[in-house]
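1. can't give you the sequence, but here's the structure:
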């Protein structure tokens, strides 16, 4: 078997979902619309949370961090994917592939930990309202965010360095939308079974453990909500929690399929669709899910739009 590494050739060839699609132009347009929606909706939500002082509370601080991650996540690869399609060019350098993998793992890992912290925030707000501002004081909120970023950064750095140290076969075609661990390991000309086990363990740690904490938090929240005397309080709590659970289901479902399920259950086409879902579709939908049914966010959005609205009178 002939080997290839970073000193040979110009890089990898990404054979992503656009190459396998029967209607690549339509799919490219769809991805473009979703990407622009992700940028616009997350940017606007982040602006509203930053500008409106009424939203300077722990829940919206964490939501702002989620919007920041969802703003960056699709930007890691979507612009390159679209430009490559338009220019009929689908290569990526060895270093570019490593950087792309590192950023995707960092942002994905930070987001799934942040979603667990957001569930804890809702648990404290609903189950322990009198002590909420004590347990969720600013120092604790910043510690949560820092923990999510640092743990994700360290995990991503280790996995990127270890994945890219393998000798790769001369066939440089990655049948995937972007550089991720599972499709890259299929090109390795070495035994990767032990490392695949490590990837599985990391996936369980970063995905299933936080997901278990989220499920436990919402089980306790549901018990508390059912005993609330006020129907209005029940409805408000359920609306907030249902939004978060929808986001959790979309993100964790796709990421678990990619990093926890055995490779025998994967196919290149499925992996492409799943990756597109949690890197572009979910970031585009998250701010809509959180804001459309949230009266506080919609009210803050109206105030911000009124504040920055241009004068309508004729200047001449």
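-> Arrived safely. Here the structure is a predicted model, which means the values were calculated and not measured. Numbering: from 1, shown residues only.

2. now do the contacts for the most centrally placed residue in the chain.
-> The residue lying closest to the centre of the chain (C-alpha atoms, centre = their mean) is residue 108, at 4.8 Å. Listed by C-beta atoms under 8 Å, 6 or more residues apart in numbering, the contact partners of residue 108 are 73, 152, 255, 278. All C-beta spots, glycine's among them, are computed from the backbone N, C-alpha and C.

3. average pLDDT for the helix or strand encompassing residue 148?
-> For residue 148, the host element (DSSP states H and E) is helix 138-164. For helix 138-164, the mean per-residue pLDDT is 95.

4. and it, how far out from the chain's middle?
-> Chain-centre distance of helix 138-164: 14 Å, with C-alpha atoms, centre = their mean, to the nearest Å.

5. before we move on, what about stretch 180-197?
-> Between the centre of stretch 180-197 and the centre of its chain there are 23 Å (C-alpha atoms, centre = their mean).

6. quick check, the residue nearest to the centre of the chain in a strand?
-> No: assignment of residue 108 by DSSP: H, G, I helix; E, B strand; the rest coil gives helix, placing it outside any strand.

7. distance check, it against residue 281.
-> Computed with C-beta to C-beta, to the nearest Å, the distance linking residue 108 and residue 281 is 14 Å.

8. one more: residue 209?
-> For residue 209, the distance to residue 281 - C-beta to C-beta - is 25 Å.

9. so for the two, which sits in the more crowded spot?
-> Legend: neighbour count by other C-beta atoms under 10 Å for residue 209 and residue 281, higher for residue 281 (19 against 13).

10. for the more buried one, give me its contacts.
-> Going by C-beta under 8 Å, 6+ apart, residue 281 touches 34, 250.

11. look up the pLDDT of it for me, please.
-> On the pLDDT scale, residue 281 is placed at 91.

12. equivalent analysis for residue 231, please.
-> So, for residue 231, pLDDT stands at 74.

13. near it, how many other residues are there?
-> For residue 231, the neighbour count with other C-beta under 10 Å is 8.

14. sketch out the low-pLDDT regions of the stretch 151-300 of the chain for me.
-> By pLDDT under 70, the weakly predicted segments of the stretch 151-300 of the chain are 233, 263-264.

15. at 80 instead, please
-> Within the stretch 151-300 of the chain, the ranges that satisfy pLDDT under 80 run 169-171, 228-240, 261-269, 292-294.

16. measure the nearest residue to residue 104 once chain neighbours are set aside to residue 33 for me?
-> Nearest residue to residue 104 in three dimensions, chain neighbours excluded: residue 76, at 5.6 Å (C-beta to C-beta, 6 or more residues apart in numbering). For residue 76, the distance to residue 33 equals 18 Å [C-beta to C-beta].

17. more crowded one of the two?
-> residue 76 (20 against 11).

18. ok, the more buried one to residue 97 distance?
-> The spacing between residue 76 and residue 97, counted by C-beta to C-beta, is 12 Å.

19. wait, residue 286 touches residue 63, no?
-> No: contact between residue 286 and residue 63 fails when scored by C-beta atoms under 8 Å: they sit 9.2 Å apart.

20. before we move on, back to that, in a markdown table: the contacts of residue 108, plus secondary structure.
-> Output for the contacts of residue 108, formatted as a markdown table (three-state DSSP):
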| residue | secondary structure |
| --- | --- |
| 73 | coil |
| 152 | helix |
| 255 | helix |
| 278 | helix |
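
21. reformat those as JSON lines; add neighbour count and distance to residue 86.
-> As requested, the contacts of residue 108 are exported to JSON lines (neighbours: other C-beta atoms under 10 Å; distance: C-beta to C-beta, whole Å):
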{"residue": "73", "neighbour count": "25", "distance to residue 86": "22"}
{"residue": "152", "neighbour count": "22", "distance to residue 86": "32"}
{"residue": "255", "neighbour count": "24", "distance to residue 86": "29"}
{"residue": "278", "neighbour count": "24", "distance to residue 86": "24"}
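
22. endpoints of stretch 173-191, how far apart?
-> Distance between the two ends of stretch 173-191: 19 Å, counting by C-alpha to C-alpha, to the nearest Å.

23. buried ones in that stretch, by neighbour count?
-> By neighbour count on 16 or more other C-beta atoms under 10 Å, the buried set for stretch 173-191 is 174-187, 189.

24. test my guess that residue 60 contacts residue 50.
-> No: using C-beta under 8 Å, residue 60 makes no contact with residue 50, being 9.6 Å away.

25. between those two, which one's more packed in?
-> Comparing residue 60 with residue 50 by other C-beta under 10 Å, the one with more neighbours is residue 60, at 22 against 15.
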